[in-house]
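1. This is a predicted model, with the sequence first.
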Amino acid sequence: MFLGMDDDDSAPQRIHVPKTSEIVADKIRAQVIRGELNEGDALPPEGQLMESLGISRPTLREAFRILEAEGLISVVRGSRTGAKVHKPAVELVSRYAGYVLESQGTTIADLYQARLAIEPTVVRWLATAKGQTPGMATVKRVLANLSDLHSRDLYDEFIDSVALFHQLLVEATGNKTLSFMNRMLLNLARKHQNDFQRRHPRSHEDRMKSTRAGLRSYEKLVSLIEAGKVEEAVAHWRLHLRNAHETWTAGDEGARIVDSLSSLR
């Protein structure tokens, strides 16, 4: 058998030899990921990097283009201070994941079903711990802010903070994987909600009634979690999510494809 051929396919498999620019990008990327380079750090000037790495200017700039596309550095053209380092951003990856979901024809109903699978489990964990996790203090601060926004009749700000409440509820578990997945789902859901409200405007009375009911539900959830009433907390939050999802997926809304391209405003 020739090198690069396998048992199932007689066609030779091409071996990818990394370009020098890719190797340089790999080296800098690894330093960012491992924390050797931090947010806001400046890379050495081009001349210094070229000399220390033994590479040409075109090779270095190609490596910079790779890292810029990944959001790991930003380069001000004509600047002599070097490129600025950025830590990997959840928003950037979340945005691309949204593109994938939209390209696959993922529906709004599918999106909300995924949230329904995540959040009741999160509530179970938090209630089992009786809310004794570091992140719950932040959840309670957002809840207090929601109460203030409701009292001042700031509907749009209230809705934005609702999304934050859901986000921080999951983050209160300390589970980074679920938190990442949840932020992506919330971002897509928020876009749908904004679009839904533009197409279906509500009266001031209905909006106030909705925020009042939502606020009471969030307050009850936190009380059940802190009391360690696990099954009651889970049942309450599952019902809350189902009611909310019925609102946002009413009629043919659930069959709409998620929108990853439009801005929130």
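-> Looks like it arrived, so ask away. Since the structure is predicted, the reported quantities are computational estimates derived from the model, not experimental observations.
2. can I assume Phe158 is in contact with Ser147?
-> No - between Phe158 and Ser147 no contact is recorded; they are 9.7 Å apart, counting by C-beta atoms under 8 Å. Any C-beta I mention is one placed from the backbone N, CA and C, and that applies to glycine too.
3. more crowded one of those two?
-> Phe158 (22 against 15; other C-beta atoms under 10 Å).
4. Now the helix or strand the more buried one falls within: buried residues?
-> Phe158 belongs to helix 155-171 when assigned by DSSP states H and E. Residues 155, 158-171 are the ones in helix 155-171 that count as buried (16 or more other C-beta atoms under 10 Å).
5. C-terminal to that helix, which secondary structure element comes first?
-> Next along from helix 155-171, by DSSP H and E: helix 176-199.
6. what packs against that following helix?
-> helix 90-103, helix 108-128, helix 155-171, helix 230-248 (3 or more C-beta pairs under 8 Å, 6 or more residues apart in numbering; DSSP states H and E).
7. Let's see the helix or strand following that helix as CSV, backbone CA atoms only.
-> Moving toward the C-terminus from helix 176-199, the next helix or strand (DSSP H and E) is helix 204-226. Extracted C-alpha coordinates of helix 204-226, given in CSV (Å, rounded to 0.1, in the frame of the first residue of the first chain):
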residue,chain,number,x,y,z
HIS,A,204,-49.6,49.3,27.5
GLU,A,205,-52.0,47.5,29.8
ASP,A,206,-51.1,44.1,28.3
ARG,A,207,-47.4,44.9,28.6
MET,A,208,-47.7,45.8,32.3
LYS,A,209,-49.8,42.7,33.0
SER,A,210,-47.1,40.5,31.3
THR,A,211,-44.2,42.1,33.2
ARG,A,212,-46.1,41.9,36.5
ALA,A,213,-46.8,38.2,36.0
GLY,A,214,-43.3,37.5,34.9
LEU,A,215,-41.8,39.3,37.9
ARG,A,216,-43.9,37.3,40.3
SER,A,217,-42.9,34.1,38.6
TYR,A,218,-39.2,34.9,38.9
GLU,A,219,-39.6,35.9,42.6
LYS,A,220,-41.4,32.6,43.3
LEU,A,221,-38.7,30.6,41.6
VAL,A,222,-35.9,32.2,43.6
SER,A,223,-37.9,31.6,46.8
LEU,A,224,-38.4,27.9,46.0
ILE,A,225,-34.7,27.5,45.1
GLU,A,226,-33.5,29.0,48.4
